[in-house]
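> Following is a predicted model, sequence given first.
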Amino acid sequence: MNLSAEDFQAIALTLQLASVTTVLLLLVATPVAWWLAHTRSAWRAPVASLVALPLVLPPTVLGFYLLIALGPNGPIGQFTQWAGWGTLAFSFWGLVLGSVVYSLPFAVQPLVNAFEAMGPRPMEVAATLRASQWDAFFTVAVPLAKPGFVMAAMLSFAHTVGEFGVVLMIGGNIPDTTRVVSTQIYGHVEAMEYSQAHGLAGVMLVFSFVVLLGLSWFNRRADQRKKVGA
Amino acid sequence: MKLRLTLALVGAMFGALAHAGDVMVAVAANFTAPMQKIAKAFEQDTGHKAQLAFGATGKLYAQIKNGAPFAVLLAANAETPARLEKEGLAVAGTRFTYATGRLALWSKQANLVDDKGEVLRSKSFEKLGIYKIAMADPKLAPYGVAAMEVIQHLGVQANVVPKLVQGESIGQTYQFVSTENAQLGFVALSQISIDGRITQGSAWVVPQSVHTAIKQDAVLLNAGKDNAAALALLKYLQADKAKTIIRQYGYAL
């Protein structure tokens, strides 16, 4: 394997992007998932569909809309300019925003499942013991939904590492800012540098496999614990 | 009786296929519009049918190397056809330049770009509202190589390079500028002009003397060696009718 300094730079940036995205996603996805798991509102179905959209939309569609929305005449671009941040396209935070949108369903879905599996009982019991809603959420719901959080975090992280189309559309290929592993591989392939492409692609393959393997093991252990507990 | 009829039908079908004179052509994405027009004229004039597959040259190369059934490649550069010939995947001695790309410095804003490109010499781009300048990745696109040469020729690297963002193709570079995420950018003249007129914004058509020629070469691939339609297409591309179309779309010859 012959990875260049630029390849390592791309790997470091990718890990940074995936970490920031995962943290932000858990913060955004938790309240959304909680609401989806508990609401009886007529808005549930439309909101759930909206959250799931990135699953079925081609990344080029997301990237294309983001590019327009982030531009000086787009709604996000107008807001960021008004806030004094300039426009976000071609910046690290632009990629973070794109990644949060792109990986949102991968964070929300496991959490919804975990919250639903919990049922209303634990929160009701906590309430009768006079725990406040927040207290009950952090001391009862979060520990019970831990497998859901772990799964959401791993999937978000891995999915962001594998992101390509959105980054390609809004990144601009700037070393150390927006040139991530997937776009670097694309560059190697397009430039017919196949041996370098093989090196990085191999790293990506092994990484993705290990994450999925870890997830399966984690799920099996969580299941077994549940059975023992019951 | 039935069997004979079936055989006759099958025979007729194969006959029809052989006579249709199809040629599968891999075409660089930046040449999409002119090639569609040329293919139509080609079919009318010769009766042969050109099936077009558009894509980035690097991707087309990978496909050809892995057995894609293309008979002709119209690349976005000169290197790829040369490389295919060297690797024995293209027929030696069939390469030629079918179009030469023209580079333009372009902005969506009227009056931002003057007709000598002096805007690139600005000391403070921010004052002009220029935060990003787009170009194609020089590693992937000849338009990117040419843009870099222009920047060096003008001696404005120090100010311009920190503002650069790169598109993976000239098509994406155009997107960056046309959505105004980049306020200025080096694009292909073919993307912003019709019959020699700039359709919107302001542009400097870069003189060809300040950068390496953006040669787009065609080559006959092994799959098209004995294909009459393929040979006819290569000849057609060098005839006046095709040349007129190519010029209309902002390419030089």
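Done, it's in. Residues are numbered from 1 along each chain as shown, chains lettered A, B, ... in the order given.

> Strands of the stretch 1-150 of chain B, residue ranges please.
Assigned by DSSP state E, counting those that start in this stretch, the stretch 1-150 of chain B shows strands spanning B:22-28, B:49-55, B:72-74, B:96-101, B:103-107, B:133-136.

> Could you list the residues of the stretch 1-150 of chain B in contact with chain A?
Residues of the stretch 1-150 of chain B lying near chain A by CB under 8 Å from any CB of the partner chain: B:56, B:58-59, B:61-62, B:80, B:83, B:131-132, B:134, B:137, B:139-140. Glycine gets a C-beta too; all of them are placed from N, C-alpha and C.

> from the residues you listed, which would you call buried?
By neighbour count, with 16 or more other CB atoms under 10 Å in any protein chain shown, those hold B:Ala56, B:Gly58, B:Tyr61, B:Ala62, B:Thr80, B:Arg83, B:Tyr131, B:Lys132, B:Ala134, B:Asp137, B:Lys139, B:Leu140 as buried.

> Check the residues you listed and tell me the two furthest apart.
For those, the maximum inter-member distance is 37.7 Å, found between B:Arg83 and B:Tyr131 (CB to CB).

> just checking, B:Ile48 touches B:Ala39?
Heads up, residue B:48 is His, not Ile. No - applying CB atoms under 8 Å, one finds B:His48 not in contact with B:Ala39, separated by 9.6 Å.

> Now A:Arg44: closest residue in space, sequence neighbours ignored.
Leaving aside its sequence neighbours, A:Arg44 sits nearest to A:Leu36 (CB to CB, 6 or more residues apart in numbering or on different chains; 6.4 Å).

> Okay, that neighbour and A:Leu57: tell me how far apart.
Note on A:Leu36: its distance to A:Leu57, by CB to CB, to the nearest Å, is 19 Å.

> Which one's more surrounded, those two?
For A:Leu36 versus A:Leu57, neighbours defined as other CB atoms under 10 Å in any protein chain shown are more numerous around A:Leu36 (22 against 15).

> hang on, isn't the more buried one packed against A:Val112?
Yes - assessed by CB under 8 Å, A:Leu36 is found in contact with A:Val112 at 5.0 Å.

> Among the buried ones among the residues of the stretch 1-150 of chain B next to chain A, which one sits closest to A:Val167?
Of these, the one sitting nearest to A:Val167 (CB to CB) turns out to be B:Asp137, at 13.9 Å.

> Spell out which residues sit in contact with residue 181, please.
In the absence of a named chain, this looks at chain A. Contacts here follow CB atoms under 8 Å, 6 or more residues apart in numbering or on different chains; on that basis A:Val181 touches A:Asp7, A:Ala10, A:Ile11, A:Thr14, A:Val161, A:Leu200, A:Val203, A:Met204.

> please go with chain B instead
B:Asn181 neighbours (CB under 8 Å, 6+ apart): A:Leu67, A:Leu70, A:Gly71, A:Pro72, A:Gly77, A:Thr87, A:Ala89, A:Phe90, A:Ile170, B:Lys132.

> hmm, try it at 10 Å
Neighbouring residues of B:Asn181 by CB atoms under 10 Å, 6 or more residues apart in numbering or on different chains: A:67-68, A:70-74, A:77, A:87-90, A:94, A:170, A:172, B:131-132, B:134, B:165, B:175.

> Look up how far B:Pro138 lies from A:Ser208.
Applying CB to CB, the value for A:Ser208 to B:Pro138 is 31 Å.

> Which residue comes closest to residue 122 once chain neighbours are left out?
Since you didn't name a chain, this refers to chain A. Using CB to CB, 6+ apart and skipping the chain neighbours, the partner closest in space to A:Pro122 is A:Val140 (5.1 Å).

> could you do chain B instead?
Nearest to B:Ser122 is B:Leu128, by CB to CB, 6+ apart, at 5.9 Å.

> And for B:Thr173?
B:Gly167 (3.4 Å).

> distance of that neighbour from A:Gly187?
Distance of B:Gly167 to A:Gly187, computed by CB to CB: 12 Å.

> Any residues of chain A in contact with chain B? List them.
Near chain B, the residues belonging to chain A are A:63-64, A:67-74, A:77, A:86-91, A:94, A:168-175, A:177-179, A:183, A:186-194, A:197 when assessed by CB under 10 Å from any CB of the partner chain.

> Which strand or helix spans B:Ile151?
According to DSSP states H and E, B:Ile151 maps onto helix B:142-154.

> OK, contacts around the closest residue to B:Tyr249 other than its chain neighbours?
Leaving aside its chain neighbours, B:Tyr249 sits nearest to B:Pro34 (4.2 Å; criterion: CB to CB, 6+ apart). Contacts for B:Pro34 (CB under 10 Å, 6+ apart) come out as B:27, B:74, B:98-99, B:190, B:242, B:245-251.

> hmm, back to that, the residue nearest to B:Thr173: neighbouring residues, count only.
29.

> Quick check, B:Ile151 in contact with B:Phe186.
Yes - B:Ile151 lies in contact with B:Phe186 (CB atoms under 10 Å); the separation is 8.6 Å.

> Between those two, which has more neighbouring residues?
Neighbour count, other CB under 10 Å: between B:Ile151 and B:Phe186, B:Phe186 has more, with 29 against 21.

> My guess is that one contacts B:Pro142. True?
No - counting by CB under 10 Å, B:Phe186 does not reach B:Pro142; the two are 11.6 Å apart.

> tell me, what's touching those two both at once?
The contact lists of B:Phe186 and B:Pro142 share B:Leu103, B:Ala136, B:Ile170, B:His211, where a contact means CB under 10 Å, 6+ apart.

> what about the residue nearest to A:Pro122, how many residues close to it?
By other CB under 10 Å, the residues close to A:Val140 number 18.

> Can you read off the pLDDT for it?
Predicted confidence (pLDDT) for A:Val140: 91.

> my read is it is in a strand, agree?
No - with DSSP: H, G, I helix; E, B strand; the rest coil as the criterion, A:Val140 is helix rather than part of a strand.

> what about chain A, any weak spots by pLDDT?
Along chain A, the model assigns pLDDT under 70 to residues A:1, A:228-230.
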